[in-house]
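Student: What follows is a predicted structure for the sequence shown.
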Amino acid sequence: MYNKMKGYRVERKVKLMFVADGWKVVRAGGSLGEYDLIAFKNGECVFLQIKSTKKDKFYYYGYMEDKYEGFPFRLVVDFGRGNVRITKPGKMLTASEGEGLEDFLHGNSFH
């Protein structure tokens, strides 16, 4: 139960960061599929898988393509202490890899 609540809190945190940047965000019901959130803005759409860890490395075993149904697919990992990273999916992500989510949102760099 704790992991489910923690996961929901991190999803909500990421959703609110996107919404604050003008995105419309939909949460996937149950979050049991390949993605947790879908975000839309200015004709763009991105599928997001949200994860969190307190460690400096995160091992990911989910969907590994950078596109989902033709749209960008990104992995968002909250490493804690304000360090939320976004990247194309890969087997391992460190706390310094990818791009800071705030920087990503301001640049909207999907491609």
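Tutor: Sure, I can see it.
Student: Name the next helix or strand downstream of the helix or strand bottoming out on mean pLDDT in the chain, please.
Tutor: The helix or strand of the chain with the poorest confidence is helix 2-20; it has a mean of 83 (mean pLDDT, DSSP states H and E). Remark: after helix 2-20, the chain's next helix or strand is strand 24-27, criterion DSSP states H and E.
Student: That following strand: what's the following helix or strand?
Tutor: Next helix or strand after strand 24-27 toward the C-terminus (DSSP H and E): strand 37-41.
Student: in that next one, what's buried?
Tutor: Buried residues in strand 37-41, counted by 16 or more other CB atoms under 10 Å: 37-39. In short, each C-beta sits where N, CA and C put it, glycine included.
Student: Within its sheet, name the partner strands of it and how each one runs.
Tutor: In the sheet, strand 37-41 lines up against strand 24-27 (antiparallel), strand 44-52 (antiparallel) (DSSP bridges).
Student: Can I get those strands in CSV including mean neighbour count and distance to Asp66?
Tutor: As requested, these are exported to CSV (neighbours: other CB atoms under 10 Å; distance: least, CB to CB, whole Å):
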stretch, mean neighbour count, distance to Asp66
strand 24-27, 14, 20
strand 44-52, 20, 10
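Student: Reformat the ones you listed as TSV; add mean pLDDT and distance to Leu93.
Tutor: Shown next, in TSV, are those (pLDDT from 0 to 100; distance: least, CB to CB, whole Å):
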stretch	mean pLDDT	distance to Leu93
strand 24-27	95	22
strand 44-52	95	9
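Student: Save those strands as CSV, and put in distance to Gly33 too.
Tutor: Converted to CSV, those look like this (distance: least, CB to CB, whole Å):
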stretch, distance to Gly33
strand 24-27, 11
strand 44-52, 9
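Student: just so I know, which of those strands lies nearest Val76?
Tutor: strand 44-52 (5.0 Å; CB to CB).
Student: Let me see the contact set for the spatially most central residue of the chain.
Tutor: Among the residues of the chain, Val76 comes closest to the average C-alpha position under CA atoms, centre = their mean, at 2.8 Å. If you count contacts by CB atoms under 8 Å, 6 or more residues apart in numbering, Val76 has them with 14, 48-51, 84-86, 101.
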